[in-house]
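Asker: give me a 3D structure for the following:
(one chain, ligands or ions: 1)
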Amino acid sequence: MSTPQLVVHRDKELMAQAAAARLITKIVDAQASRGEASVVLTGGRNGNGLLAALAAAPARDAIDWGRLDLWWGDERFLPEGDPERNVTQAREALLDQVPVDPKRVHAMPASDGPWGTDVDAAAEAYAAELAAAADPENHGPVPTFDVLMLGVGPDTHVASLFPELPAVRETERTVVGVHGAPKPPPTRVSLTLPAIRSAREVWLLAAGEDKAEAVAIALSGAGEIQAPAAGAQGRQRTLWLLDSTAASQLPRSLYPPASA
Ligand SMILES: O=C(O)[C@H](O)[C@@H](O)[C@H](O)[C@H](O)COP(=O)(O)O
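Answerer: Model (predicted):
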(Lines give C-alpha, C1' and ligand atoms only; values in the text may rest on other atoms or scores of the structure.)
Protein backbone atom coordinates (compact mmCIF):
# COMPACT_ATOMS: atom_id res chain seq x y z
CA MET A 1 0.00 0.00 0.00
CA SER A 2 1.13 3.53 -0.69
CA THR A 3 1.95 6.28 1.79
CA PRO A 4 -0.63 9.08 1.62
CA GLN A 5 0.37 12.25 -0.25
CA LEU A 6 -1.41 15.53 0.37
CA VAL A 7 -2.32 18.37 -1.94
CA VAL A 8 -3.91 21.38 -0.27
CA HIS A 9 -5.81 23.94 -2.34
CA ARG A 10 -6.96 27.44 -1.39
CA ASP A 11 -10.68 26.67 -1.48
CA LYS A 12 -13.12 23.98 -2.57
CA GLU A 13 -13.77 25.49 -6.01
CA LEU A 14 -10.08 25.45 -6.86
CA MET A 15 -9.81 21.96 -5.38
CA ALA A 16 -12.60 20.73 -7.68
CA GLN A 17 -11.05 22.36 -10.76
CA ALA A 18 -7.55 21.06 -10.03
CA ALA A 19 -8.85 17.56 -9.28
CA ALA A 20 -10.86 17.60 -12.52
CA ALA A 21 -7.74 18.61 -14.46
CA ARG A 22 -5.80 15.84 -12.72
CA LEU A 23 -8.50 13.30 -13.59
CA ILE A 24 -8.61 14.31 -17.26
CA THR A 25 -4.84 13.82 -17.53
CA LYS A 26 -5.01 10.48 -15.74
CA ILE A 27 -7.75 9.14 -18.03
CA VAL A 28 -6.03 10.40 -21.19
CA ASP A 29 -2.73 8.80 -20.09
CA ALA A 30 -4.40 5.48 -19.24
CA GLN A 31 -6.18 5.44 -22.60
CA ALA A 32 -2.88 6.23 -24.36
CA SER A 33 -1.07 3.36 -22.66
CA ARG A 34 -3.79 0.71 -22.35
CA GLY A 35 -6.45 1.79 -24.80
CA GLU A 36 -9.04 2.33 -22.09
CA ALA A 37 -9.50 3.67 -18.58
CA SER A 38 -11.49 2.68 -15.53
CA VAL A 39 -12.62 5.16 -12.89
CA VAL A 40 -14.69 4.78 -9.73
CA LEU A 41 -16.92 7.73 -8.86
CA THR A 42 -18.04 8.83 -5.43
CA GLY A 43 -21.23 10.38 -4.16
CA GLY A 44 -21.32 13.54 -2.09
CA ARG A 45 -20.85 17.25 -2.71
CA ASN A 46 -17.13 17.13 -3.37
CA GLY A 47 -17.34 14.26 -5.84
CA ASN A 48 -20.16 16.01 -7.67
CA GLY A 49 -18.26 19.31 -7.56
CA LEU A 50 -15.37 17.60 -9.31
CA LEU A 51 -17.69 16.18 -11.99
CA ALA A 52 -19.25 19.62 -12.57
CA ALA A 53 -15.76 21.14 -12.88
CA LEU A 54 -14.86 18.42 -15.35
CA ALA A 55 -17.99 19.16 -17.38
CA ALA A 56 -16.96 22.84 -17.53
CA ALA A 57 -13.34 22.12 -18.52
CA PRO A 58 -12.67 22.47 -22.28
CA ALA A 59 -9.98 19.75 -21.94
CA ARG A 60 -12.76 17.21 -21.23
CA ASP A 61 -12.87 16.68 -25.00
CA ALA A 62 -9.39 15.11 -24.79
CA ILE A 63 -11.03 12.08 -23.14
CA ASP A 64 -12.24 9.26 -25.38
CA TRP A 65 -15.54 8.89 -23.54
CA GLY A 66 -16.42 5.68 -25.35
CA ARG A 67 -13.39 3.90 -23.91
CA LEU A 68 -14.00 4.77 -20.28
CA ASP A 69 -15.55 2.44 -17.70
CA LEU A 70 -17.30 4.13 -14.81
CA TRP A 71 -18.06 2.36 -11.56
CA TRP A 72 -19.34 3.61 -8.21
CA GLY A 73 -17.81 3.36 -4.75
CA ASP A 74 -21.21 3.40 -3.14
CA GLU A 75 -24.85 4.06 -3.81
CA ARG A 76 -27.87 5.13 -1.84
CA PHE A 77 -30.32 2.22 -2.25
CA LEU A 78 -33.29 4.13 -3.68
CA PRO A 79 -35.51 3.78 -6.77
CA GLU A 80 -34.04 4.36 -10.23
CA GLY A 81 -33.94 8.07 -11.07
CA ASP A 82 -34.29 9.19 -7.45
CA PRO A 83 -32.56 12.59 -7.16
CA GLU A 84 -30.67 11.35 -4.11
CA ARG A 85 -29.02 8.48 -5.98
CA ASN A 86 -25.34 9.05 -6.65
CA VAL A 87 -25.71 7.98 -10.26
CA THR A 88 -28.57 10.44 -10.83
CA GLN A 89 -26.39 13.25 -9.46
CA ALA A 90 -23.40 12.17 -11.58
CA ARG A 91 -25.59 12.12 -14.69
CA GLU A 92 -26.78 15.64 -13.95
CA ALA A 93 -23.31 16.98 -13.16
CA LEU A 94 -21.51 15.40 -16.10
CA LEU A 95 -22.60 12.15 -17.71
CA ASP A 96 -25.59 13.56 -19.61
CA GLN A 97 -23.25 16.04 -21.31
CA VAL A 98 -20.58 13.67 -22.63
CA PRO A 99 -20.70 10.71 -25.05
CA VAL A 100 -20.18 7.90 -22.53
CA ASP A 101 -20.93 4.36 -23.67
CA PRO A 102 -24.02 3.36 -21.65
CA LYS A 103 -22.70 -0.23 -21.49
CA ARG A 104 -19.62 1.08 -19.69
CA VAL A 105 -21.57 3.09 -17.10
CA HIS A 106 -21.84 0.55 -14.29
CA ALA A 107 -24.41 2.06 -11.96
CA MET A 108 -25.07 0.20 -8.72
CA PRO A 109 -28.54 -1.41 -8.53
CA ALA A 110 -31.63 0.56 -7.54
CA SER A 111 -34.20 -0.53 -4.96
CA ASP A 112 -36.82 -1.06 -7.68
CA GLY A 113 -34.52 -3.16 -9.86
CA PRO A 114 -34.40 -6.95 -10.39
CA TRP A 115 -33.52 -7.60 -6.72
CA GLY A 116 -36.26 -5.38 -5.35
CA THR A 117 -35.50 -4.16 -1.88
CA ASP A 118 -33.04 -7.00 -1.15
CA VAL A 119 -29.91 -4.86 -0.81
CA ASP A 120 -27.68 -7.85 -0.08
CA ALA A 121 -28.70 -9.54 -3.34
CA ALA A 122 -28.16 -6.23 -5.16
CA ALA A 123 -24.65 -5.99 -3.67
CA GLU A 124 -23.90 -9.57 -4.75
CA ALA A 125 -25.02 -8.75 -8.28
CA TYR A 126 -22.67 -5.75 -8.43
CA ALA A 127 -19.81 -7.93 -7.15
CA ALA A 128 -20.56 -10.35 -9.99
CA GLU A 129 -20.51 -7.49 -12.51
CA LEU A 130 -17.11 -6.39 -11.21
CA ALA A 131 -15.79 -9.96 -11.30
CA ALA A 132 -16.95 -10.37 -14.90
CA ALA A 133 -14.96 -7.26 -15.85
CA ALA A 134 -11.76 -8.44 -14.11
CA ASP A 135 -9.08 -10.03 -16.26
CA PRO A 136 -6.25 -12.38 -15.24
CA GLU A 137 -3.89 -9.45 -14.72
CA ASN A 138 -6.19 -7.98 -12.12
CA HIS A 139 -5.60 -8.28 -8.43
CA GLY A 140 -8.64 -10.17 -7.23
CA PRO A 141 -12.20 -10.25 -8.56
CA VAL A 142 -12.41 -6.61 -9.59
CA PRO A 143 -11.01 -4.78 -12.61
CA THR A 144 -7.93 -2.66 -12.01
CA PHE A 145 -9.33 0.79 -11.48
CA ASP A 146 -7.03 3.56 -12.65
CA VAL A 147 -8.50 6.02 -10.19
CA LEU A 148 -10.97 5.44 -7.38
CA MET A 149 -12.37 8.59 -5.79
CA LEU A 150 -13.87 8.88 -2.34
CA GLY A 151 -15.48 11.75 -0.45
CA VAL A 152 -14.59 11.78 3.24
CA GLY A 153 -17.36 12.22 5.81
CA PRO A 154 -17.03 14.24 9.03
CA ASP A 155 -16.95 10.91 10.93
CA THR A 156 -14.13 9.62 8.64
CA HIS A 157 -16.47 7.41 6.58
CA VAL A 158 -15.66 6.73 2.94
CA ALA A 159 -18.05 5.21 0.39
CA SER A 160 -20.70 3.71 2.74
CA LEU A 161 -18.12 2.30 5.15
CA PHE A 162 -18.96 3.89 8.48
CA PRO A 163 -16.84 3.61 11.63
CA GLU A 164 -17.34 0.36 13.55
CA LEU A 165 -20.22 -0.93 11.35
CA PRO A 166 -19.97 -4.43 9.80
CA ALA A 167 -19.24 -3.20 6.25
CA VAL A 168 -15.87 -1.72 7.21
CA ARG A 169 -14.85 -5.04 8.79
CA GLU A 170 -15.46 -7.02 5.58
CA THR A 171 -12.32 -8.78 4.41
CA GLU A 172 -13.61 -11.18 1.73
CA ARG A 173 -16.45 -9.71 -0.31
CA THR A 174 -15.88 -6.81 -2.70
CA VAL A 175 -19.36 -5.29 -2.38
CA VAL A 176 -21.76 -5.36 0.55
CA GLY A 177 -25.25 -4.18 1.43
CA VAL A 178 -25.20 -1.62 4.23
CA HIS A 179 -28.00 -1.46 6.78
CA GLY A 180 -28.49 1.31 9.34
CA ALA A 181 -26.03 3.85 7.89
CA PRO A 182 -25.87 6.97 10.06
CA LYS A 183 -25.92 9.20 6.94
CA PRO A 184 -29.32 9.03 5.20
CA PRO A 185 -30.57 7.01 3.51
CA PRO A 186 -29.83 4.14 5.91
CA THR A 187 -29.73 1.42 3.24
CA ARG A 188 -26.82 1.53 0.84
CA VAL A 189 -24.52 -0.55 -1.36
CA SER A 190 -20.77 -0.12 -0.93
CA LEU A 191 -17.44 -1.34 -2.15
CA THR A 192 -15.40 -2.77 0.72
CA LEU A 193 -11.88 -1.84 1.76
CA PRO A 194 -10.32 -4.83 -0.10
CA ALA A 195 -12.03 -3.69 -3.33
CA ILE A 196 -10.99 -0.07 -2.75
CA ARG A 197 -7.40 -1.14 -2.15
CA SER A 198 -7.22 -2.94 -5.49
CA ALA A 199 -7.24 0.44 -7.30
CA ARG A 200 -4.01 1.81 -8.74
CA GLU A 201 -4.75 5.23 -7.30
CA VAL A 202 -7.14 6.21 -4.53
CA TRP A 203 -8.02 9.89 -4.26
CA LEU A 204 -9.75 11.16 -1.12
CA LEU A 205 -11.58 14.48 -1.38
CA ALA A 206 -12.40 16.68 1.57
CA ALA A 207 -13.30 20.35 1.82
CA GLY A 208 -14.63 22.48 4.66
CA GLU A 209 -14.06 23.09 8.34
CA ASP A 210 -16.39 20.20 9.29
CA LYS A 211 -13.92 17.75 7.73
CA ALA A 212 -10.80 19.06 9.47
CA GLU A 213 -10.95 16.74 12.47
CA ALA A 214 -11.73 13.66 10.35
CA VAL A 215 -8.81 14.39 8.03
CA ALA A 216 -6.43 14.85 10.96
CA ILE A 217 -7.60 11.63 12.63
CA ALA A 218 -7.41 9.51 9.47
CA LEU A 219 -3.90 10.74 8.68
CA SER A 220 -2.53 10.40 12.19
CA GLY A 221 -2.34 6.64 12.43
CA ALA A 222 -5.94 5.77 13.33
CA GLY A 223 -7.16 2.22 12.67
CA GLU A 224 -9.46 1.61 9.71
CA ILE A 225 -12.33 0.19 11.78
CA GLN A 226 -12.55 3.41 13.81
CA ALA A 227 -11.55 5.65 10.87
CA PRO A 228 -12.43 3.99 7.54
CA ALA A 229 -10.66 6.71 5.51
CA ALA A 230 -7.38 5.53 7.04
CA GLY A 231 -7.83 2.18 5.30
CA ALA A 232 -8.47 3.65 1.84
CA GLN A 233 -5.17 3.31 0.03
CA GLY A 234 -4.22 2.70 -3.56
CA ARG A 235 -1.69 0.12 -4.73
CA GLN A 236 0.44 2.79 -6.39
CA ARG A 237 -0.76 6.04 -4.93
CA THR A 238 -2.98 7.47 -2.21
CA LEU A 239 -3.76 11.11 -2.71
CA TRP A 240 -5.61 13.37 -0.32
CA LEU A 241 -7.05 16.37 -2.17
CA LEU A 242 -8.02 18.99 0.39
CA ASP A 243 -8.99 22.60 0.70
CA SER A 244 -7.21 24.72 3.30
CA THR A 245 -10.02 24.49 5.88
CA ALA A 246 -10.14 20.68 5.72
CA ALA A 247 -6.36 20.67 6.21
CA SER A 248 -6.44 23.12 9.11
CA GLN A 249 -6.11 20.57 11.92
CA LEU A 250 -3.36 18.45 10.40
CA PRO A 251 -0.28 18.04 12.53
CA ARG A 252 2.48 20.27 11.19
CA SER A 253 4.64 17.22 10.45
CA LEU A 254 2.08 16.05 7.88
CA TYR A 255 1.54 19.37 6.20
CA PRO A 256 2.96 19.43 2.66
CA PRO A 257 6.23 21.37 2.40
CA ALA A 258 4.86 23.82 -0.17
CA SER A 259 2.10 24.91 2.20
CA ALA A 260 4.18 25.02 5.41
O1 LIG B 1 -23.23 8.45 -0.97
C2 LIG B 1 -22.58 9.17 -0.23
O3 LIG B 1 -23.13 9.94 0.56
C4 LIG B 1 -21.13 9.10 -0.29
O5 LIG B 1 -20.50 8.48 -1.30
C6 LIG B 1 -20.33 9.47 0.93
O7 LIG B 1 -19.31 8.58 1.26
C8 LIG B 1 -19.78 10.86 0.66
O9 LIG B 1 -18.80 10.82 -0.34
C10 LIG B 1 -19.20 11.49 1.92
O11 LIG B 1 -20.21 11.53 2.88
C12 LIG B 1 -18.69 12.89 1.67
O13 LIG B 1 -19.74 13.68 1.18
P14 LIG B 1 -19.55 15.23 0.93
O15 LIG B 1 -18.51 15.39 -0.14
O16 LIG B 1 -20.92 15.71 0.53
O17 LIG B 1 -19.13 15.83 2.24
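Asker: the ligand contacts on this structure?
Answerer: Within reach of the ligand by CB under 6 Å from any ligand atom, the chain has these residues: 42-47, 74, 76, 86, 151-153, 157-159, 183. For every residue, glycine as well, the C-beta is placed using N, CA and C.
Asker: which one of the residues you listed has the most neighbours?
Answerer: Val158 (34 neighbours; other CB atoms under 10 Å).
Asker: what helix or strand is the nearest residue to that one once chain neighbours are set aside located in?
Answerer: For Val158, ignoring the flanking residues on the chain, the nearest one in space by CB to CB, 6 or more residues apart in numbering is Leu150 at 4.2 Å. Taking DSSP states H and E as the definition, one finds Leu150 inside strand 147-151.
Asker: which residues touch the residue in the stretch 151-260 of the chain positioned nearest to the ligand?
Answerer: Here the stretch 151-260 of the chain gets closest to the ligand at one residue, Gly151, 2.4 Å apart by CB to the nearest ligand atom. Each residue near Gly151 by CB atoms under 8 Å, 6 or more residues apart in numbering is listed here: 42-47, 158, 204-206.
Asker: now do the contacts for the nearest residue to it once chain neighbours are set aside.
Answerer: Take Gly151 and drop its neighbours on the chain: the residue closest to it by CB to CB, 6+ apart is Gly44, 3.4 Å away. Counting by CB under 8 Å, 6+ apart, Gly44 touches 86, 151, 153, 205.
Asker: helix, strand or coil for the third one?
Answerer: Right, Gly153. In three-state terms, and counting by DSSP: H, G, I helix; E, B strand; the rest coil, Gly153 is coil.
Asker: was I right about it contacting Ala214?
Answerer: Yes. Gly153 sits in contact with Ala214 when judged by CB atoms under 8 Å, with a separation of 6.8 Å.
Asker: helices along this protein, start to end?
Answerer: Taking DSSP state H to define them, one finds helices in the chain at 12-34, 45-56, 86-93, 119-133, 193-196, 212-218.
Asker: where are the low-confidence patches of the stretch 151-260 of the chain?
Answerer: Low-confidence segments of the stretch 151-260 of the chain, defined by pLDDT under 70, are located at 256-260.
Asker: okay then, goodbye and thanks.
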